[in-house]
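Trainee: got a sequence here, can you build the structure:
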Amino acid sequence: MTAYVITVPGTFLRTLDADSRAALLRALRPADPQHTALGEAEELDMLTVNEGGTFSIRLEIEADNRRGAETEAKKVAGAALSEAGYSADEAPLGAAFVTGIDSEY
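Mentor: Purely as a prediction, here's the structure:
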């Protein structure tokens, strides 16, 4: 298994308030990329929200391959958004992609 740092982009179509942001960050905390060497070196934040409601979620995912990591990251992000009160229609996600690989090789 390899630890991947995966970025999942999306757009908030409903405003992200302070309570929802806190709930989202709590739900994402177990997959915080700061636990990886890449996350520490790059000072990666789990959640970046831009003007216009676009956002990026960065997660550490353990997987056998890139595709599995991307799929799992999208599931984790979707579940966290749901826990924070956002439906898939209120915060649609884009395609997940590898930001980095934290491997001992």
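
Trainee: what's the following helix or strand after the least confident helix or strand in the chain by mean pLDDT?
Mentor: Least confident helix or strand of the chain, by mean pLDDT, DSSP states H and E, is helix 37-42 with a mean of 50. Following helix 37-42 in sequence order, the next helix or strand is strand 47-49 (DSSP states H and E).

Trainee: show me what that following strand packs onto, helices and strands only.
Mentor: helix 18-28, strand 54-63 (3 or more Cβ pairs under 8 Å, 6 or more residues apart in numbering; DSSP states H and E). Just so you know, the C-beta spots here come from the backbone N, C-alpha and C atoms, and that holds for glycine as well.

Trainee: buried stuff in it?
Mentor: Val49 (16 or more other Cβ atoms under 10 Å).

Trainee: before we move on, what about stretch 79-99?
Mentor: Under 16+ other Cβ under 10 Å, the buried positions of stretch 79-99 are Ala80, Leu81, Ala84, Tyr86, Ala91, Leu93, Ala96, Thr99.

Trainee: for the lengthiest helix in the chain, C-alpha coordinates in CSV please.
Mentor: As assigned by DSSP state H, the longest helix anywhere in the chain is helix 66-83. Coordinates of each C-alpha in helix 66-83 appear next as CSV, following Å, rounded to 0.1, in the frame of the first residue of the first chain:
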residue,chain,number,x,y,z
ARG,A,66,-3.6,5.8,-8.2
ARG,A,67,-7.0,4.9,-9.5
GLY,A,68,-8.1,3.3,-6.2
ALA,A,69,-6.8,6.3,-4.2
GLU,A,70,-8.7,8.8,-6.4
THR,A,71,-11.9,6.8,-6.1
GLU,A,72,-11.5,6.5,-2.3
ALA,A,73,-10.7,10.2,-2.0
LYS,A,74,-13.9,11.2,-3.8
LYS,A,75,-15.9,8.9,-1.5
VAL,A,76,-14.3,10.4,1.6
ALA,A,77,-14.9,13.9,0.4
GLY,A,78,-18.5,13.2,-0.6
ALA,A,79,-19.2,11.6,2.8
ALA,A,80,-17.6,14.5,4.7
LEU,A,81,-19.6,17.1,2.6
SER,A,82,-22.8,15.1,3.4
GLU,A,83,-22.0,15.1,7.1
